[in-house]
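*Asks:* need a 3D model of the following:
(one chain, ligands or ions: 1)
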Amino acid sequence: MRYTPVRQYYVPVRGRSNILAQKPSKLTKKTLHWLIVLSTIPLFGFVTAFGIAPSAAPLQEVHIKKVVRDLYLPEILPELESTTENLFWRHETIRRGDTIAAILERLDINQQDKIDFMRTARDSRAMRQLRPGKIIHAQTTSDGNLQSLRYLFGNEELFLIEKAEQAYQISEQKIELESQIQMKSGTVNSSLFAAADNAGIPNAIAVQMIDILASEIDFYRDLRRGDRFTVVYETLMDNDGEFTKNGKVLAIEFANRNKIYQAIHFESSNGSSGYYTPTGESLRKAFLKAPLDFSRISSGFSKKRFHPVLKKWRAHKGIDYAAPRGTPIKTTANGVIKYIGTQRGYGKLIIVKHNDQYETAYGHLSNFAKGLKKGSRVNQSDIIGYVGMTGMATGPHLHYELRVNGVQRDPAKVILPTAPPIAKKDASAFQNQAASLIARLDIMRNLYLASLN
Ligand SMILES: [Zn+2]
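*Replies:* Residues are numbered from 1 along each chain as shown. Below is the predicted model of the structure:
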């Protein structure tokens, strides 16, 4: 029988040995599909929660089960359908610079099968695409006869080689992927990326979360210990339940400094897609909140970040971002370089003109991005320079100004242009989608909050 194992489903009560001992085939497809797992990780004093439901799951049918387990995720268990007494599955992770010969060696495949395999698989595309970190599953006898071997490669293709009457047969074919919806929550403790890691959120999804909310939250200055988030996103699995890749974020809730931001993904009837507030306002804004690149490296908290040079806006007319020398600086909106050079006080300075009304200025830079000059076009998020302390600066920081009609203004108090909201003809489709995604956010957040008590 085919089943749909997803690693979170195998949830024994405690400990790794249990997980490895667990046989997956006893779980029916139905139970697997309707399970939401809540895990707590007391080991590190963090609590994270995650849930899974198929894309089309009506919310009221999602059953909830609470379990406690430690941090280890069980290995993906291969199919056991054809396992007899002396056949078993093993797997090997592909290493950097690996060859198929070396992998077969590590799998203890006997010499004759190794030669036969290499001869048969010589022209296969998969064997030329051994990507480090990916896994090769092999079914062998205890004395190293290779029965079959499978490997997911390239753009969702399955390489399969099987021994039939003493000869190997190869197939390489596209597989169908099933989209599954993941729901996870976490709390920012030491850094946003650490919180995402603890919640089991992949890096690519964490980066998407930051991008989606970049016009709302200044992750550089506003992030606080205790900020909470819930994210709903897709993952794509092959029909054996092997994870293949992350899809897109579908919804986010981010509680930052007691304010709650929600973002909903929507594809409009004209085919364009984006993120919107629950009331249908676009989250794509002409200006980013923060002019610094918020990466894994820069995401830690520092006292400096929380308390940038304290100066009254009135006297200062800009925002200071304390950041290590060399931190990349992004232009907050599309525009043209109006000034690039050195000015008293500002040190190395770039001024970007966005339109007749708006300009932004970036001061104290250590360096400009290569190739930039007066008149260069820049797009939102392009790196234009690097943090330094040229000019009148007591430590490395970026001095950032928003100027409206030539006058410095507090960006928090200026209403900045945004992309158009949801069109009238898409309104009811959007409302339906938003309601279902917000219901998921609600479920997940409430499960998570309950797990904290
Ligand atoms: Zn300043």
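*Asks:* spit out the contact partners of the closest residue to the ion within the stretch 251-400 of the chain.
*Replies:* With CB to the ion, the shortest gap between the stretch 251-400 of the chain and the ion falls at His399, namely 3.3 Å. For every residue, glycine as well, the C-beta is placed using N, CA and C. His399 makes contacts with Gly318, Ile319, Asp320, Tyr346, Ala361, Tyr362, Gly363, His364, Ala393, as judged by CB atoms under 8 Å, 6 or more residues apart in numbering.
*Asks:* hmm, 10 Å instead?
*Replies:* By CB atoms under 10 Å, 6 or more residues apart in numbering, His399 lies in contact with 309, 316-321, 345-347, 349, 361-365, 391-393.
*Asks:* excluding chain neighbours, what is closest to it?
*Replies:* Gly363 (3.9 Å; CB to CB, 6 or more residues apart in numbering).
*Asks:* what about that neighbour, how many neighbours?
*Replies:* 25 (other CB atoms under 10 Å).
*Asks:* correct me if wrong: it contacts Tyr346.
*Replies:* Yes - the pair Gly363 / Tyr346 is scored as a contact, 3.8 Å apart, by CB atoms under 10 Å.
*Asks:* joint contacts of the two?
*Replies:* With CB under 10 Å, 6+ apart, Gly363 and Tyr346 have common neighbours Gly318, Thr390, Gly391, Met392, Ala393, His399, Glu401.
*Asks:* the last one - that's part of a helix, no?
*Replies:* No - the assignment for Glu401 is strand, going by DSSP: H, G, I helix; E, B strand; the rest coil, so no helix is present there.
*Asks:* and it, what are its bridge partners?
*Replies:* Glu401 forms beta bridges with Ala361, as assigned by DSSP bridges.
*Asks:* please, where are all the strands along the stretch 301-450 of the chain?
*Replies:* 319-322, 328-330, 335-343, 347-353, 358-365, 367-368, 377-378, 383-386, 397-404, 407-409 (DSSP state E, counting those that start in this stretch).
*Asks:* what comes into contact with the last one?
*Replies:* Same thing as strand 407-409. Trp313, His316, Lys317, Gly318, Tyr358, Glu359, Ala361, Glu401, Leu402, Arg403.
*Asks:* of those residues - the most surrounded one?
*Replies:* Most crowded among the contacts of strand 407-409, counting by other CB under 10 Å, is Leu402 at 25 neighbours.
*Asks:* please verify my assumption that that one contacts Ala286.
*Replies:* No - between Leu402 and Ala286 there is no contact under CB under 10 Å: 11.3 Å.
*Asks:* measure Ala101 to the ion for me?
*Replies:* 60 Å (CB to the ion, to the nearest Å).
*Asks:* what residues sit buried inside the longest helix along the chain?
*Replies:* Assignment by DSSP state H gives helix 427-452 as the longest helix of the chain. Within helix 427-452, the residues scored as buried using 16 or more other CB atoms under 10 Å are 430, 433-434, 436-438, 440-441, 443-445, 447-448, 451.
*Asks:* export those to TSV and tack on distance to Phe193 and pLDDT?
*Replies:* Formatted as TSV, these follow (distance: CB to CB, whole Å; pLDDT from 0 to 100):
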residue	distance to Phe193	pLDDT
Phe430	31	97
Gln433	29	95
Ala434	28	97
Ser436	29	95
Leu437	24	96
Ile438	26	96
Arg440	23	95
Leu441	21	96
Ile443	25	93
Met444	20	94
Arg445	21	94
Leu447	23	93
Tyr448	19	94
Ser451	21	91
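*Asks:* turn those into TSV, including distance to the ion.
*Replies:* Output for those, formatted as TSV (distance: CB to the ion, whole Å):
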residue	distance to the ion
Phe430	41
Gln433	43
Ala434	40
Ser436	45
Leu437	40
Ile438	40
Arg440	42
Leu441	38
Ile443	44
Met444	40
Arg445	38
Leu447	44
Tyr448	39
Ser451	42
